[in-house]
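Trainee: quick one: sequence plus predicted model below, questions after.
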Amino acid sequence: MTTRPTPILEARRATKSFGPVEVLHGVDFALRPGEVHALIGENGAGKSTLMKCLSGYQPLSGGDILLNGEPVRFADSEAAERAGVVLIHQEFNLAEQLSAEANIFLGREIRRGLFLDRKGMRAKAGALLQELATPIGTRLPVGKLSVSQKQMVEIAKALARNARVLIMDEPTAVLTTREAEVLFNQIDRLKAAGVAILYTSHKLDEIARVADEVTVLRDGAFVANGPADEMSPDRMAALMVGRELKDLYPEKAGETGGDVVLSVRDFAVPGHVEAASFDLKRGEILGFAGLVGAGRTELMEGIMGLRLASGTVRRNGAAVRIRDAAEATRHGLAYLTEDRKGRGLLLNYGLRENLTLLGLDRFSGIFVDEKAEEAALDAAIRRFDIRAASKTMKVGNLSGGNQQKLLLAKTMLVEPEIVILDEPTRGIDIGTKQQIYAFIHELAREGRAVIVISSEMSEVIGLCDRVIVMRSGRLAGEISGAEITEEAIVRRAMGLETTGAAMGREAGHGG
Amino acid sequence: MAVEAKGQPVERRFAVDLHVLGPLVALIALVVLGVSLNEQFLSAGNVTNVLARSSFIGIIAVGATFVITIGGLDLSVGSMSAFLAGITIIVLNWLTPNLGVNWGTIIVGMIVCLLLGLAAGWLNGVLITKGRIEAFIVTLGTLGIFRSLVVWLANGGALSLDFNLREVYRPVYYGGIAGVAWPIIVFALVAIAGEMVMRRTAYGRHCAAIGSNEQVARYSAIHVDRVRLATYMLQGMLVGVATIMYVPRLGSASSTTGLLWELEAIAAVIIGGTMLKGGFGRVWGTVIGVVILSLIDNILNLTDLVSPYLNGAIQGVIIILAVVLQRGRKGA
Amino acid sequence: MAVEAKGQPVERRFAVDLHVLGPLVALIALVVLGVSLNEQFLSAGNVTNVLARSSFIGIIAVGATFVITIGGLDLSVGSMSAFLAGITIIVLNWLTPNLGVNWGTIIVGMIVCLLLGLAAGWLNGVLITKGRIEAFIVTLGTLGIFRSLVVWLANGGALSLDFNLREVYRPVYYGGIAGVAWPIIVFALVAIAGEMVMRRTAYGRHCAAIGSNEQVARYSAIHVDRVRLATYMLQGMLVGVATIMYVPRLGSASSTTGLLWELEAIAAVIIGGTMLKGGFGRVWGTVIGVVILSLIDNILNLTDLVSPYLNGAIQGVIIILAVVLQRGRKGA
Amino acid sequence: QDSNAKATIGVSIPSATHGWTGGINFHAQQAIDSLKKQYPNLNFVLATAGDPGKQVSDIEDMMATRNIDALVILPFESDPLTGPVKRVADAGKFVTVVDRGLSQPGIQDLYVAGDNTAFGKVAGEYFKKKLPDGGKIVVLRGLPTTIDNERVDAFKKAIDGSKIDIEGIEFGNWNRDKAFEVMQDFLSKYPKIDAVWASDDDMALGVIEAIKQAGREKEMWVLGGAGMKQMIKRVENGDTMVPADVTYPPSMIATAIRLTADHFVTDAPMVGRFIIDSVLVTKDNAKEHYYPDSPF
Ligand SMILES: Nc1ncnc2c1ncn2[C@@H]1O[C@H](COP(=O)(O)OP(=O)(O)OP(=O)(O)O)[C@@H](O)[C@H]1O
Ligand SMILES: Nc1ncnc2c1ncn2[C@@H]1O[C@H](COP(=O)(O)OP(=O)(O)OP(=O)(O)O)[C@@H](O)[C@H]1O
Ligand SMILES: [Mg+2]
Ligand SMILES: [Mg+2]
């Protein structure tokens, strides 16, 4: 092993408190140029907080930050950026009305004289996004992009800042494995260029792929640190959670002969989905796989009446028209959005208000019964293991993963017959994932029907009884039971194979 | 979030306190000022005057609190009130010969006024929700429409209520129970009801949700447009209530009726701590805001500190000061 | 990528088109109406009149576009203009005896007017950024302050410019080059400059970013407060420019000078397609909005279709219709 | 006499923002309608403005698009309108100015003048007569404008030397509601008030309501102004609170329009200055000042 370069960025006995709650308890940690350092831990362990402190977004409550061995106090993110330290936020940090290009160069505009060099910036932005294999129109308002595309813009924005220290907070949470791979290539490139990279993710297999060194946090305290090649995903998981984690996915129920509770025929969402037909049986877990932009989200939003759509939907055989989310709820459908921040939660309200927003009628006669709400909140916190500094804090201040758990709790509060989960474990730690998978199974066994949209191949494979693969707005095939393999899914997702898609068509005629 | 979080503990709690107490502090400061300037200030008579006066704007401002909370705006309330008053007077004068000079007639008039208010609010709401037009534009338009309809109905002059009928109607503004004038009672009831609705009902929750993030509201199975429409109708109805209290005061409606009430109402709402951008509303704050505004006029009249030319300036300064007391709120 | 190309663009382009052309369509409709009502409508004289008189609101509205884009609001522009006009007139009248009746004097007056405008804008800006007070409240306050300062300076009457000096100054409004009146030229220049700044400079982009998401702007190392302050100062300076063009037209300032200009300016901005909630601004749209507004008045003078009492109603209807033409925009 | 002379007469007046201007609007339209019937060849253009700027625009539009032969204008304010009206006169149009004069002499052909100074003077003298051995009064003035200044100054001058002292003076904006509130505050501020100069009948109505509410009708009387029919009626009925009124007849606009029309349809020279005097209306002469069909 060659002598390692001296650390460029260090944290010494770093502590951080929000009011009375201390969330970082004296963390030591060093980041070296040309290395990728993975920071892992449970939801709420303090990863994002540590990263924000390192990059000047929040001041430390105690301890020091050293840059090239010199103690520094970054006044704000700008100061940190001047020192070459750049953070990619876990939560989106883009101005929705502005174009991708404008966002990428925001505050760092390239000028020619008094004016902007818009050609130049468009070209550069285009190139950056090209490298990230995300060829979107650079003029398109970011608000119109899908979450995954937004994430790529976010990454491009950071790359454009050419940093010496690049901190990435769960960059792959909203990316599919293929997109993630694109990112990893960029990381390798930067590494070669001597950039120090701090990286966090709950997808432990990725850690093995990119990281040179791993530091584990638990409840805001340093737990372990070591070279990545000495850490197996299982070991990391164990260190994070503090207990052995075995068989992440529960036993599959096997062939479910339940009757059809939802059947969709010739469903179309203008601009996103065409001629989609499928059935959902009681007690089954149906997976939807596909590449980003395959239109899975749009299909489900169409079914939920959240998007303009056409086609027939049957509930237990009876044709129903669903014009908005309220009607969907009445028909026993519930949808967990993939866009936690934009469509899921009211970030400047508390946990209670958010939890009950969807099922509020259950808590209100003339008045809202706040006691009942509180009770529901306590129940949810226990059931979904939501870790909040306090029950009254703004949801926006919850850790990403805990926001996701709260969103799940909110969706389940209406006790739906049919649960549609779009990226349900996005940003959730491995331990909780296990709980959620168990929970989903529970739902199925109770006789509910579950649809899981996931860009995590392993999740689809490990969890689902049946998988429908979508490809640019069409059902590209269906596989079930033992046939569900990564290879089978990818081949269909990429259009190399279409067997099984037949079902969709026949059904199309039938419907 | 992160930046808000900067050094939060102390600062936040502090800010919150001020932000909650801000309007109250301002109010108390004004009262102290008033007392020090004129011993008549706290006399039953004066207090009644001030509160009774503020009741019109007050009742309307309660509605405005909801409109602003859902992220909307209603500039038409002032001229809507003039329009309602005009029609109500016409209807009453027309009914008198048939139904005679009695409460029956007046009740009918009141009902007409309320229904018309609902209708006017419905018009605003439909244009905004179905027509997808910025609330600012819609209500600016209806402001002009209502106002000039009154002028037209009154031939440029004033519409006056039948003299005898007015004698019957007068107590609704000038009368009261246990020494408390009716307008004050009604204002209080509306305010309390408003606060309850805002804080404790699903509807109030939905208003806040829509104002704070419309998408989230939609995805949470809230009928965004329906709630919005309802809110503008609520506003319209409250304008109706205010008008019912207003007509007996001077028994007339003219081009000057309800002039700039919209501005006062919005100002009161914001002084009260509701955010103009929507997402958070506070009815009790609005009530204080309204009282603050009419106290300013009152104090200026009770004293001759300054040339009346400068009244406007003093008002401006006090309004700003009143809000300075709730610093920390995000300016825009 | 596949999906990007699919269908979705079509739908979007459609929406965008209406939204982009909306104001234009409305404008054209109005012009057609005007022509059909009176053949003089397109006469050089009338066109000059309409454009020249829209120049005041126009120049101010360009500033308002920036203010609204950063998510702010300035209600004080109208009375600020009255105030500037008043001071400028006082200064000019005071200078005349010393500097004599000549352009030198007038130039000095103009400079004073501009500097004062900057100062007034700075006052608004500081109160909003440093004082962290809602822009609505601050500018509502300064509205009252400026207005009553004029009244006070004029002792309730009007401040009038020395008649001889007025004769020298007149051409600034009534003169022009190549048949194009000065106010039109200045308005055009300001509008073009504004559009350039909004579209092509970092400052313009930062305005949009701040209005769209202040947090993001701050994270992107934009000096939010500085940009905001600059924007309110820009608004103030443009009010100054407008006032420079205005003084020679009426040669006096009084309590009615610039009355309700703020409302007209904001209406023009929104008719033009800028979002009241901030984050997106369009100067050329504002220009069209301004012209639409002053066309309405002009057209109402072209015929005696309706009782003058109903002018307000017609205006309201047309304003709403003008915006209906850009449906699909989010109402609030 | 050539009653079929063709001519277009432009009429520019303030819009009906309060009682008196409302009267102006009403009488202007009345006059125009009757003249149209009388002389089919006469054409009228009526424009109302909410501020001087708009009024200038109206005149510009009349010149540019309605090619008027004569202009009848009630200037919103004297100074701002002087220049523009002068341009109309210079263009050879017949100009009639109503109520308030322009800042430069000799622009108009015909001047139908209301007399604001007289309005204040008459009121002041009435106070002197009614309160021979002095008394405490409060004054509500209109909107801060030149007219209002002229009236108030004249009033003060008139009561000068008497033992009448003005306790309080506030703006009532020629608005009933505002006047009502101001008076309420005056009543709680001053234990003793002998009389109120409301300076306008709209405001007088508000003031009277406030006094009624305070139950101090016996203590004081109110003098309004402008001759609103309700008030004239009260005077006629000998209402103790409204012993008199001072006219400032909005019908002056009708006179002006008629005279201007005559300039085209008769050959009598229509030039010079007609002063519509402000007269005191008391129980005796109330009848001849009562116009039942006027809305004002
Ligand atoms: N602004 C804040 N105010 C109060 N508490 C906060 C704030 N920001 C974070 N916290 C708390 O600090 C703890 C750590 O949060 P952090 O976001 O660092 O967790 P994390 O490791 O990033 O979790 P995840 O993997 O879910 O992103 C959480 O309990 C969170 O509630
Ligand atoms: N809110 C939106 N407005 C307009 N277009 C959108 C929006 N969301 C997504 N799209 C478009 O629809 C396409 C599909 O979006 P999305 O990536 O969510 O599909 P998906 O199949 O759900 O993929 P994933 O769920 O893996 O993100 C995207 O390419 C994007 O261009
Ligand atoms: Mg995190
Ligand atoms: Mg998706």
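Mentor: Looks like it arrived, so ask away. Ligands and ions are numbered 1, 2, ... in the order given.
Trainee: can you give me the neighbour number for the residue lying closest to residue A:315 once chain neighbours are set aside?
Mentor: Beyond its immediate neighbours in the sequence, the residue positioned closest to residue A:315 (C-beta to C-beta, 6 or more residues apart in numbering or on different chains) is residue A:331, lying 5.3 Å away. Any C-beta I mention is one placed from the backbone N, CA and C, and that applies to glycine too. Residue A:331 has 20 neighbours, counted by other C-beta atoms under 10 Å in any protein chain shown.
Trainee: ok, residue A:331 - contacts?
Mentor: When contacts are counted by C-beta atoms under 8 Å, 6 or more residues apart in numbering or on different chains, residue A:331 touches A:315, A:320, A:322.
Trainee: which of these are buried?
Mentor: A:315, A:322 (16 or more other C-beta atoms under 10 Å in any protein chain shown).
Trainee: which among the contacts of residue A:331 gets closest to chain B?
Mentor: Proximity of these to chain B (C-beta to the nearest C-beta) peaks at residue A:322, which lies at 11.1 Å.
Trainee: quick revisit: mind putting the contacts of residue A:331 into a markdown table with pLDDT?
Mentor: Formatted as a markdown table, the contacts of residue A:331 follow (pLDDT from 0 to 100):
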| residue | pLDDT |
| --- | --- |
| A:315 | 93 |
| A:320 | 94 |
| A:322 | 93 |
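Trainee: which of the contacts of residue A:331 fall within strands?
Mentor: Among those, the members falling in strands (DSSP state E) are A:315, A:320.
Trainee: and chain A, which residues reach ligand 4?
Mentor: Applying the criterion C-beta under 5 Å from the ion, the portion of chain A that neighbours ligand 4 consists of A:297, A:338.
Trainee: could you report the pLDDT at the residue in chain B that ligand 4 sits nearest to?
Mentor: Shortest chain B-to-ligand 4 distance, computed as C-beta to the ion: residue-wise this is residue B:219, at 13.5 Å. Residue B:219 is assigned 95 on the pLDDT scale.
Trainee: for it, give me phi and psi.
Mentor: Here the main-chain torsion angles of residue B:219 (degrees, to the nearest 10) amount to phi -70, psi -20.
Trainee: one more: residue A:333?
Mentor: With angles defined as degrees, to the nearest 10, residue A:333 sits at phi -100, psi 140.
Trainee: same deal with residue A:190?
Mentor: The phi and psi values for residue A:190, taken as degrees, to the nearest 10, are phi -60, psi -40.
Trainee: run a quick neighbour tally on residue 144.
Mentor: In the absence of a named chain, chain A is used. A count of neighbours around residue A:144, defined by other C-beta under 10 Å, yields 16.
Trainee: should've been chain D
Mentor: A count of nearby residues for residue D:144, using other C-beta under 10 Å, gives 25.
Trainee: cool, and residue A:372?
Mentor: Quick note: residue A:372 (other C-beta under 10 Å) scores 13 neighbours.
Trainee: settle this for me: it is touching residue A:365, isn't it.
Mentor: No. When contacts are counted by C-beta atoms under 8 Å, residue A:372 is not listed as touching residue A:365 (10.5 Å).
Trainee: could you look up the SS state of residue A:262?
Mentor: Reducing the assignment to helix, strand or coil with DSSP: H, G, I helix; E, B strand; the rest coil, the entry for residue A:262 is strand.
Trainee: pretty sure it sits against residue A:284.
Mentor: No. Using C-beta under 8 Å, residue A:262 is not in contact with residue A:284, being 10.6 Å away.
Trainee: could you measure from the residue in the stretch 101-250 of chain D that ligand 2 sits nearest to over to ligand 4?
Mentor: For the stretch 101-250 of chain D, the nearest residue to ligand 2 under the criterion C-beta to the nearest ligand atom is residue D:177, separated by 50.0 Å. Distance of residue D:177 to ligand 4, computed by C-beta to the ion, to the nearest Å: 58 Å.
Trainee: for the contacts of residue A:331, give me TSV that also has distance to residue C:324.
Mentor: Putting the contacts of residue A:331 into TSV (distance: C-beta to C-beta, whole Å) gives the following:
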residue	distance to residue C:324
A:315	38
A:320	34
A:322	30
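Trainee: so where's the chain uncertain?
Mentor: Assuming you mean chain A. For chain A, residues meeting the criterion pLDDT under 70 lie at A:1-2, A:253-256, A:292, A:498-511.
Trainee: you answered for a different chain; I wanted chain D.
Mentor: Counting by pLDDT under 70, chain D has low-confidence residues at D:1-4, D:295.
Trainee: can you show me the strands along it?
Mentor: D:7-14, D:42-49, D:70-73, D:94-99, D:110-114, D:135-141, D:164-171, D:195-197, D:221-223, D:245-246, D:272-276, D:280-281.
Trainee: for the residue of the stretch 101-250 of chain D closest to ligand 2, what are its contacts?
Mentor: Neighbouring residues of residue D:177 by C-beta under 8 Å, 6+ apart: B:249, B:250, B:256, B:257, D:206.
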